[in-house]
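> Please work out how this folds:
(one chain, ligands or ions: 1)
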Amino acid sequence: MIRLLKYAKKNQIYAYIGAISKLMEAVFELFLPIFLARLIDRGINQGDTRYVLQMGGMMLVLSTVGFAFAMICQYFSSIASQGYGTELRNIMTKKINTFSHKELDEFGTATLITRVTNDVNQMQLALAMLIRLVIRAPFLSIGSIIMALYISPRLSLIFAVLLPVFTVMLGFIMWITIPLYKKVQVRLDAMAQTVSENMSGVRVIRAFARKGHELNRSKENSEQLSRANIIVNNLSALMTPSTTLVMNIGIMIILYIGAVQTNNGDLFQGEVLALINYMNQMLLALIVVANLVVIFTKSQASASRINEVLDTTVAINNQSDSKQIEVSAGFQAKSAIRFNHVSFDYGKKGVKALDTINFSVPVGSVTGITGPTGSGKSSLVQLIPRFYDVTEGEVLVFNQQVTKYGLKTLRNLIGYVPQKNVLFRGTIAENLRWGKESATEEELYAALRIAQMDSFVRELPSGIHSAVSENGKNFSGGQQQRLTIARALVSKPKIIILDDSLSALDYETDYKLRRALKEIKNASIIILSQRISSIQTADQILVMNNGAIESSGTHGSLLQQSETYQKIYQSQTDPESIILKEEKE
Ligand SMILES: Nc1ncnc2c1ncn2[C@@H]1O[C@H](COP(=O)(O)OP(=O)(O)OP(=O)(O)O)[C@@H](O)[C@H]1O
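Residues are numbered from 1 along each chain as shown. Next comes the predicted model:
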């Protein structure tokens, strides 16, 4: 937690002003009982109205100045803690943006969202409390004891007895509740995870009629959270009656002994009242310390979860992006992409997703990749823009190892269309400009034309400025696919990778789109598809099986040589063969 305080540095001046203001408020608060004692003992008891007014006026001034300091503290501690939260969120978002798919897979989206929101809020609260209370509370407890000693050293002995009793009692309650608070935090996390999964997967839940199951899961999580909260709240609720009990016992003792001493003339009535005030101040300050410990315990869990994100070693280290000259020199290369003895696993040793892959994609050619599901097609192409790094071997783009490029430079060379369509809330133009911020409308329409989407978009009432709702839900699957393809084409990439991105298109649109792609001068294209018709005109086709390239060649040669290719082809051209096979079985 202390490590994270360095992100409060930008606003530290506000934090110091806040803490000092709160300390000043405490100083003024500490003098009030003394003035009250004088007001009673000299003013009221001796009928000195002028003195009463004088002391009353002093008390009013002290309270007003104390209030002003409290307001200053409130203002500056808010600036400091909000600034701290913003800084933490920015730093985390920046870090998460450097994550490769490996780290994103490991963490998962739900927990990353909770960490950037809930955990940062908790840290923000901890800093605000730290500024407001960490100096004030000990100052008030110690100050109260000193003031009590000043009034009556003998009666102050009561403080010496009450202080340890009170501390032990608070310590005991905290000893029981702190582990429970940690449990609540874990349950809260599980709850956030379930809610996040349910929200993002709501359509799938409905499609699979799993509403009941998911409701039960949420209910279970919610009940567990509520049970943990009830226990911890009941126990912490003990704090108020037990501390009040100790305080009242203290008041009784002070009143009793104070009365005897007042009778003997050793003490004045006002001083007894002041002593009671100081005792209350001291004990209340201790309760504040106890609450601070609880807040810091909760924040400790949040801090370690934030640190986990910040300390993550990113699997992909980025080169600087100043390699433009070498990149353009590489364009003279004959191959746009080359895989040399590439093997890859997702972190599970011994389970290779790709095994000794060798192939190259000549500049300006079309390469089709097919193979059964799970054979490693997506894993293979994800190594080109370095979403993951190879475990063995090397991947070259225009004769340069991909690791030698800056990530931005490398990814600007590639137009990658993922298997899953991802569109963002905004307009069509805004979505397309993800490819190139400065793209003109003409450029956007040119990309839409290749993606076979321009006439559809032109006919929309707002054309290219039509709204896209979250995840592009207001478009059909095929329209979403074509929009994501257009987005990848806007920057006129030299390499185009379509990862099963034609699957939702009808055969004619699929054909027209591929023909239009070929018109892009010198673009090297990789098309992943289970549909033979989408790749059969490719210059070369790779057939994958079990993470390896089983065979490669043209459509004609593969039909002769590759059993896997023949099977895939047959299943699509002669569905009856499958039906017959099923019937035989
Ligand atoms: N993020 C991941 N973490 C761990 N294993 C993964 C991950 N992604 C894929 N795999 C595994 O790697 C293997 C290859 O998967 P890949 O997605 O590359 O296959 P594919 O041929 O593209 O399949 P499909 O045609 O179904 O998209 C599979 O066994 C899969 O379980």
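> and stretch 487-505, how far out from the chain's middle?
Taking the mean of its C-alpha atoms, stretch 487-505 sits 29 Å from the chain's own mean (C-alpha atoms, centre = their mean, to the nearest Å).
> was I right about residue 452 contacting residue 511?
No: using C-beta atoms under 8 Å, residue 452 is not in contact with residue 511, being 9.7 Å away. In short, each C-beta sits where N, CA and C put it, glycine included.
> Tell me, what's the model's pLDDT at the residue lying closest to residue 465 once chain neighbours are set aside?
Of all residues not flanking residue 465 in the chain, residue 427 sits nearest, at 4.9 Å (C-beta to C-beta, 6 or more residues apart in numbering). On the pLDDT scale, residue 427 is placed at 91.
> list the contacts for residue 427?
Neighbouring residues of residue 427 by C-beta atoms under 8 Å, 6 or more residues apart in numbering: 462, 464-468.
> Of residue 452 and residue 511, give the one with the bigger neighbour count.
Comparing residue 452 with residue 511 by other C-beta atoms under 10 Å, the one with more neighbours is residue 452, at 22 against 16.
> Near the ligand, which residues of the stretch 51-200 of the chain? Just list them.
residue 105 (C-beta under 6 Å from any ligand atom).
> Closest residue of the stretch 51-200 of the chain to the ligand?
residue 105 (4.5 Å; C-beta to the nearest ligand atom).
> Isn't residue 18 up against residue 71?
No: Residue 18 lies out of contact with residue 71 (C-beta under 8 Å); the separation is 10.9 Å.
> residues in contact with stretch 247-259?
155, 158, 162, 267, 271-272, 275-276, 279-280, 283.
> before we move on, what about stretch 109-119?
89, 92-93, 96, 104, 188-189, 192-193, 196-197, 200, 302-303, 305-306, 308-309.
> Residue 71 - how many residues pack around it?
12.
> element containing it?
helix 49-98 (DSSP states H and E).
> mean confidence score for that helix?
92.
> go on, stretch 373-381?
91.
> Could you tell me the end-to-end distance of it?
Length of stretch 373-381, first residue to last, C-alpha to C-alpha, to the nearest Å: 15 Å.
> what about it, distance to the chain center?
29 Å.
> Likewise for stretch 181-191?
17 Å.
> cool, stretch 496-512 as well?
That offset, for stretch 496-512, works out to 35 Å (C-alpha atoms, centre = their mean).
> tell me which element residue 541 is part of?
Assigned by DSSP H and E, residue 541 falls in strand 540-545.
> Tell me which stretches of the stretch 451-585 of the chain form helices.
Secondary structure of the stretch 451-585 of the chain (DSSP state H, counting those that start in this stretch): helices located at 454-459, 477-489, 507-518, 532-535, 555-561, 563-573, 575-584.
> Ok, which of those helices comes nearest residue 236?
helix 477-489 (50.5 Å; C-beta to C-beta).
> Distance from the chain centre to the closest one, please.
From the chain centre to the centre of helix 477-489 is a distance of 28 Å (C-alpha atoms, centre = their mean).
> Repeat that for stretch 563-572.
45 Å.
> same check, this time on stretch 265-285
The answer for stretch 265-285 is 50 Å, by C-alpha atoms, centre = their mean.
> likewise stretch 246-253?
Distance, centroid of stretch 246-253 to centroid of chain: 48 Å (C-alpha atoms, centre = their mean).
> quick one on the thing from earlier: now do the contacts for the residue of the stretch 51-200 of the chain closest to the ligand.
Per C-beta under 8 Å, 6+ apart, neighbours of residue 105: residue 346.
> Check for me that it belongs to a helix.
Yes: with DSSP: H, G, I helix; E, B strand; the rest coil as the criterion, residue 105 is part of a helix.
> pLDDT score for it?
The score at residue 105 is 83. That number is its pLDDT.
> Give the burial count for residue 120, as a bare number.
22.
> Quick check: whichever residue of the stretch 201-350 of the chain sits closest to the ligand vs residue 387, distance?
Residue nearest to the ligand within the stretch 201-350 of the chain (C-beta to the nearest ligand atom): residue 346, separated by 3.4 Å. Plainly put, residue 346 is 12 Å away from residue 387 if you go by C-beta to C-beta, to the nearest Å.
> between the two, which one's more packed in?
Taking other C-beta under 10 Å, residue 346 and residue 387 do not tie; residue 387 has more neighbours (18 against 14).
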